[in-house]
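J.: I would like to see how this sequence folds:
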Amino acid sequence: MTATTTVRVRYGETDQMQVVYHAAYLSYFEMGRTEFIRELGLPYAEMERRGVMLAVAEASLRYHAAARYDDLLRIETRLTRSGSRGVSFSYLIVNADTGKRLVTGHTDLVSLDASGRPAPMPPDIRALLQGATEGDA
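T.: Residues are numbered from 1 along each chain as shown. Below is the predicted model:
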């Protein structure tokens, strides 16, 4: 399963040269991840209401080309691993108009309970995520 999200680069996400600031891509990853989970039928807000929070434990980005102010970006998100206490996502961000690859990356997230301690995900949420894991779906 791949979730596709589009976003137009806002001025505040760019540096003085109107190039997307490197850290903004982590926000784009979050947008893709949130939409991926929503497309599974479980909005992230509902997961939190059920006491499950996913905290980013690791993030990796590789920059291939610059995005600029007002570019339309396409974020492609895949779930690459799902376990009892965590998940991993991969991302591809391209210029939606040209198809040019801009950034690739991944994030590893840890499942936390309401007190902020690592905890297993409820079986139904884990099953939902495992069903969408790349290679398992």
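
J.: in the protein, which helix has the most residues?
T.: Across the chain, the helix with the greatest residue count (assigned by DSSP state H) is helix 24-39.

J.: helices and strands around it, which ones?
T.: strand 3-8, helix 44-49, strand 53-63, strand 72-82, strand 86-95, strand 101-112 (3 or more Cβ pairs under 8 Å, 6 or more residues apart in numbering; DSSP states H and E). C-betas here are computed from N, CA, C, even on glycine.

J.: Can you pull out the residues in contact with it?
T.: Helix 24-39 is contacted by residues 1, 3, 5, 7, 13-14, 43-44, 47, 59, 61, 63, 73, 75-79, 89, 91, 93, 103, 105, 107, 109, 132 when judged by Cβ atoms under 8 Å, 6 or more residues apart in numbering.

J.: Would you mind listing which of the residues you listed are buried?
T.: Among those, those buried by neighbour count (16 or more other Cβ atoms under 10 Å) are 3, 5, 7, 13-14, 44, 47, 61, 73, 75-79, 89, 91, 93, 103, 105, 107, 109, 132.
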